[in-house]
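In: show me the folded form of this:
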Amino acid sequence: MTYRLIACALVAASVFPLTSCGPDPDTPILAGNTQAASGEGEALYQKAKAADDAGKTGRAISQYDKMATRYPFAPSAAQARYRQAQLLEQKGDVVKSFEAYDQFLTRYQSSNLYTTALNRQITMAQSAADGDVKQSMLGLKTKLSLDKTVEMLGKVRDNAPKSAAASKAQFTIGQLYEGRKKSKEAIAAYRQLVRDQPAAPQSPEALFRIGLILTAEADRGNQNQANIDLAREAFNDYLIQYPGHARNAEARRLVANLGGRDLQKSYDIAEFYQKTGKTESAKVYYRDIVSRAKSGPLHDKAKARLKELGE
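Out: So this is what the prediction gives:
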């Protein structure tokens, strides 16, 4: 390689990572080459528009994509990318349309079409989450995969951070994971919503649902005591952060029930120790129950056991 070619490669790499020294039809034109980009780009846009006007949708989509990719700084590039996404959506190619809208939103944030494109993306992602979007696979109509739907909702959230659309998208991610019994992922999604947008309308319900999921995990015996403690913490956080919310009374009942489960587990441990002859260990748990439960069946049973054991 000559020194001139080496220098060209180094300059191109530092200025625009996708630019090469040789001709490549898929390589974007540099922002500095505005005259060349305008002329060639606009000519290609007119070809795409002619195909579009003639009803040659496939060719129009291909030409619009080529124009927006090759000449991203040309005057009509934003319109080309938007129209590509629009035609793909009309064709029913939801995934490719969503991705084209995403490319538009990433590059053309000052375009007067930005809000329209964002709203289309929001609608498509929510529709996918609702199970309304289908894609062809082996000749069958099937729902989009969970991963793809979550990815779409995540892009909506990231393209409109702190907005109502973002909080709804993040809450929907939690709902999707919860519906698939993916407890860890659901809890993480709900926690992210509460952390990022604590004042969002969905955040109180998200925090409440964390407690419900952890309670269900405890019921299934999955690290029972740890999940009981975490569920109690989630419900208490919910009551502190969102006093007066619609599910406050339910949360208080659930916290009380968790306390009862905790006592029952302590009693079961005490009984196990007593049956296996470890009376001193049993006494520790019976005493703990008596001190924590001032009355009730478990209090009475624990007190009776202590009496049997000479206390």
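In: look up how far Q225 lies from E217.
Out: Distance of E217 to Q225, computed by CB to CB, to the nearest Å: 11 Å. For every residue, glycine as well, the C-beta is placed using N, CA and C.
In: between the two, who's got more neighbours?
Out: Between E217 and Q225, E217 has the larger neighbour count (other CB atoms under 10 Å), namely 20 against 13.
In: what about the nearest residue to that one once chain neighbours are set aside, how many neighbours?
Out: Using CB to CB, 6 or more residues apart in numbering and skipping residues adjacent in sequence, the residue nearest E217 is N227, 4.5 Å away. For N227, the neighbour count with other CB under 10 Å is 21.
In: residues contacting N227?
Out: By CB atoms under 8 Å, 6 or more residues apart in numbering, N227 lies in contact with L214, T215, E217, A218.
In: to be precise, which single item in those residues has the lowest pLDDT?
Out: The lowest pLDDT within those belongs to A218, with 83.
In: now for that residue: which residues touch it?
Out: By CB under 8 Å, 6+ apart, the neighbours of A218 are N224, Q225, N227, I228, A231, R261.
In: if I look at the second one, how far off is I269?
Out: Put plainly, it is Q225. 10 Å.
In: now the strands for the protein?
Out: 134-137, 140-143 (DSSP state E).
In: including distance to K91, could the contacts of N227 go into JSON lines?
Out: JSON lines is the format used below for the contacts of N227 (distance: CB to CB, whole Å):
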{"residue": "L214", "distance to K91": "44"}
{"residue": "T215", "distance to K91": "46"}
{"residue": "E217", "distance to K91": "43"}
{"residue": "A218", "distance to K91": "48"}
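In: out of those, who's nearest T276?
Out: Using CB to CB, A218 is the member of these that sits closest to T276, with 24.7 Å.
In: and the closest one, how far from V95?
Out: 39 Å.
In: mind checking how far A199 is from R180?
Out: Taken as CB to CB, the span from A199 to R180 is 28 Å.
In: which parts of stretch 146-157 are buried?
Out: Using 16 or more other CB atoms under 10 Å as the test for burial, stretch 146-157 gives L146, K148, T149, V150, E151, M152, L153, G154, K155, V156, R157.
In: surely the second one meets A128?
Out: So the one you mean is K148. Yes: counting by CB atoms under 8 Å, A128 is a contact partner of K148 at 7.5 Å.
In: any stretches of this structure with poor pLDDT?
Out: 1-37, 132-142, 221-224, 262 (pLDDT under 70).
In: what sits closest to A231 if chain neighbours are left out?
Out: A231 sits nearest to L214 (CB to CB, 6+ apart), 3.7 Å away.
In: what about that neighbour, how many neighbours?
Out: Neighbour number of L214 under other CB under 10 Å is 25.
In: and F208, by the same measure?
Out: Count around F208 with other CB under 10 Å applied: 24.
In: try A74
Out: A74 has 24 nearby residues by other CB under 10 Å.
In: state the phi and psi torsions of it.
Out: phi -70, psi 150 (degrees, to the nearest 10).
In: and the closest residue in space to it that isn't next to it in sequence, how far is that from L105?
Out: Nearest residue to A74, sequence neighbours excluded (CB to CB, 6+ apart): G41, at 2.9 Å. As judged by CB to CB, G41 and L105 stand 20 Å apart.
In: and R220, by the same measure?
Out: 41 Å.
In: so which of the two has more stuff around it?
Out: Comparing R220 with L105 by other CB under 10 Å, the one with more neighbours is L105, at 24 against 12.
In: I'd guessed that one sits against R120; true?
Out: No: using CB under 8 Å, L105 is not in contact with R120; the gap is 9.9 Å.
In: helices along the protein, start to end?
Out: 3-15, 34-53, 57-70, 77-91, 94-107, 114-129, 146-159, 164-179, 183-196, 203-219, 224-241, 248-275, 279-292, 297-308 (DSSP state H).
In: and the second one, what does it pack onto?
Out: Based on contacts counted as 3 or more CB pairs under 8 Å, 6 or more residues apart in numbering; DSSP states H and E, the elements that helix 34-53 packs against are helix 57-70, helix 77-91.
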